[in-house]
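Asker: Based on what follows, work out the 3D shape:
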Amino acid sequence: MTQIQASQVSSSTLARLVEISRELNSKTDIDDLLTHIIQQAAALTGAEAASILLLDPHTRQLHFKAASDEMDPAMADAVVPLDSSIAGTVLTSNQPLIIADVAQDPRWNPSVSQAINFQTRSILGVPMHDVDRPVGVLEALNKHEGGFTPEDVETLAILADIAGVAVEKARLIQELQHAYDELNELDQRKTDFIAIASHELRTPLSVILGYVSFLRDEADPAMAEQLDNVMAAAVKLRSLIQDMLNLQYVDAGQATLSLEPINLGTLLREIVLANKDTIIARQQQVTLRLPSRHLVTMGDRQVMGIVLNNLLDNAIKFTPGRGRIRLTLEVNGAEAWLHVQDTGVGIPQDKLERIFKRFYQVEHHLRRQHEGLGLGLAIARELVELQNGRIWAESIEGQGSVFHVALPLQGYEAN
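Answerer: Purely as a prediction, here's the structure:
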């Protein structure tokens, strides 16, 4: 990198360079950034024009990227050889270079002047760096009065290093944005696939469930046991498909919510009743504690039903047979708080936030004992937040977990 003697640069120029540094670091569009750099390069050195050539990190070639005058489209991004050009010499030597008369220098290519419709007489070129790595060349062309001075060299060298860092930063931001756009596209494709697949699977599954149920009623005891296994597998598949369908509520956002007053106690009773057969089969004890008054929140009843069902289903799944599950609804300030407590396997402390991420599961996918896609809690949190609520968890590994939901109260209604 060029060693700069700052004392040779006037205080007013240094102040302007500091201001330019702020301006450049605020820009993220590379074309806008390059235009600003060449404008400042010409102004600071008293030159008629300026240009920038950037190094391609893959081909190790210089390419024209910007010039003060409008470039011919054919010239834009044109390759400039490193071994036989003025700019190439500046970059490879990593030193500033003044050419007082380009017509007398064999490295000068006159077609460049023709391409940018500008007659170049003299050049001051300095290397651009990103920290200590060369990234290009900044050139000032044709000093208005006299020749380029040592102060011009140092001024342009400082600007080039400021510009080099800013250009690299803008390039990285551009790459990050491109990667982000690709990720969004992939995420949308995944969402579309899940929606299509789940809808397509629902119809044949309904036929299977209906036919198995019919056969079960007509079968002898031995066959009935086999059909029960088929029915259990089909019901499990239906649950997985329903999880995928529920993602649509989340991805659609607020637009699909149909808000109405919801009596949370009544809805909780319905959810527990809907899971009664599973609770009995697992010989679990479920208790429901409700306040003496109705707690009402504004929300989408169907969406809230999905939330509560997912929380209860999660408790049932991770609580062993004969375990206990307690659902408590209470008032906390201007909110209704629901607590779903179980005596299940518990969750490691460092996983308490990650369990609310889509498709995340605490158990390794090859060794896990509990089935599912890892969507239930993610859907619950995202749907609760759509309705201005909060959800979080507490747990002691091996002793059970408590999931808390806070929802804004619309008001109280007397029994």
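
Asker: C-alpha from now on. contacts and neighbour counts both.
Answerer: Will do.

Asker: residues touching residue 136, list them.
Answerer: Residue 136 makes contacts with 52, 53, 54, 55, 62, 91, 127, 128, 129, 164, as judged by C-alpha atoms under 8 Å, 6 or more residues apart in numbering.

Asker: count of neighbours near the last one?
Answerer: The reference is to residue 164. 26 (other C-alpha atoms under 10 Å).

Asker: Quick check: phi and psi on it?
Answerer: Backbone torsions of residue 164, given as degrees, to the nearest 10, read phi -60, psi -40.

Asker: Locate the closest residue to residue 352 other than its chain neighbours within the secondary structure: which element?
Answerer: Nearest residue to residue 352, sequence neighbours excluded (C-alpha to C-alpha, 6 or more residues apart in numbering): residue 393, at 6.3 Å. Element membership for residue 393 (DSSP states H and E) is strand 390-396.

Asker: same deal with residue 405?
Answerer: Here residue 405 is assigned to strand 400-408, by DSSP H and E.

Asker: Just the C-alpha atoms of that strand, please, in PDB.
Answerer: Presented in PDB, the C-alpha positions along strand 400-408 are these (Å, rounded to 0.1, in the frame of the first residue of the first chain):
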ATOM      1  CA  GLY A 400     -41.000 -31.700  32.400                       C
ATOM      2  CA  SER A 401     -41.800 -28.400  30.700                       C
ATOM      3  CA  VAL A 402     -44.200 -25.500  30.900                       C
ATOM      4  CA  PHE A 403     -45.300 -23.500  27.900                       C
ATOM      5  CA  HIS A 404     -46.700 -20.100  28.500                       C
ATOM      6  CA  VAL A 405     -49.000 -18.100  26.200                       C
ATOM      7  CA  ALA A 406     -49.900 -14.500  26.800                       C
ATOM      8  CA  LEU A 407     -52.800 -12.900  24.900                       C
ATOM      9  CA  PRO A 408     -54.400  -9.400  25.200                       C
END
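
Asker: what angle separates the helix or strand where residue 312 lies from strand 400-408?
Answerer: Assigned by DSSP H and E, residue 312 belongs to helix 301-318. For helix 301-318 against strand 400-408, the angle by axes from the mean of the first three to the mean of the last three C-alpha atoms, to 10 degrees is 170 degrees.

Asker: what packs against the host helix or strand of residue 188?
Answerer: According to DSSP H and E, residue 188 maps onto helix 150-218. Using 3 or more C-alpha pairs under 8 Å, 6 or more residues apart in numbering; DSSP states H and E, the elements in contact with helix 150-218 are helix 11-25, helix 30-45, strand 123-130, strand 133-143, helix 221-252.

Asker: Comparing these, which stretch has the densest surroundings?
Answerer: Across the helices and strands packed on helix 150-218, the average number of neighbours (mean count of other C-alpha atoms under 10 Å) peaks for strand 123-130, which reaches a mean of 28.

Asker: Give me the below-cutoff pLDDT ranges for the chain.
Answerer: Across the chain, the ranges flagged by pLDDT under 70 are 1-8, 68-77, 112-117, 235-236, 238-240, 242-256, 362-373, 411-415.

Asker: Swap in 50 and give it another go.
Answerer: 1-6, 364-368, 370, 413-415 (pLDDT under 50).

Asker: okay, now the domains of it?
Answerer: Residue ranges for the domains of the chain, per automatic domain parsing: 6-178, 180-252, 255-413.

Asker: Distance to residue 197 added to the helices and strands packed on helix 150-218, as JSON lines?
Answerer: Converted to JSON lines, those look like this (distance: least, C-alpha to C-alpha, whole Å):
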{"stretch": "helix 11-25", "distance to residue 197": "46"}
{"stretch": "helix 30-45", "distance to residue 197": "42"}
{"stretch": "strand 123-130", "distance to residue 197": "48"}
{"stretch": "strand 133-143", "distance to residue 197": "48"}
{"stretch": "helix 221-252", "distance to residue 197": "9"}
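
Asker: which stretch among these comes nearest residue 402?
Answerer: Proximity to residue 402 (C-alpha to C-alpha) singles out helix 221-252 among the helices and strands packed on helix 150-218, at 21.6 Å.

Asker: after the closest one comes which helix or strand?
Answerer: strand 259-263.

Asker: Can you give the distance of that following strand from its chain's centre?
Answerer: Centre-to-centre, strand 259-263 and its host chain are 33 Å apart (C-alpha atoms, centre = their mean, to the nearest Å).

Asker: now do stretch 84-98
Answerer: 41 Å.

Asker: May I have that stretch as PDB, with CA atoms only?
Answerer: Output of stretch 84-98 as PDB, limited to C-alpha atoms (Å, rounded to 0.1, in the frame of the first residue of the first chain):
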ATOM      1  CA  SER A  84       1.300  -4.100 -21.100                       C
ATOM      2  CA  SER A  85      -0.800  -1.200 -19.800                       C
ATOM      3  CA  ILE A  86      -0.400   1.900 -17.600                       C
ATOM      4  CA  ALA A  87      -3.100   0.700 -15.200                       C
ATOM      5  CA  GLY A  88      -1.500  -2.700 -15.100                       C
ATOM      6  CA  THR A  89       1.800  -1.200 -14.100                       C
ATOM      7  CA  VAL A  90       0.200   0.800 -11.300                       C
ATOM      8  CA  LEU A  91      -1.500  -2.300  -9.900                       C
ATOM      9  CA  THR A  92       1.400  -4.800 -10.200                       C
ATOM     10  CA  SER A  93       4.000  -2.300  -8.900                       C
ATOM     11  CA  ASN A  94       1.600  -1.200  -6.200                       C
ATOM     12  CA  GLN A  95       2.900   2.400  -6.600                       C
ATOM     13  CA  PRO A  96       1.400   5.700  -7.900                       C
ATOM     14  CA  LEU A  97       2.500   6.600 -11.500                       C
ATOM     15  CA  ILE A  98       2.400   9.900 -13.400                       C
END
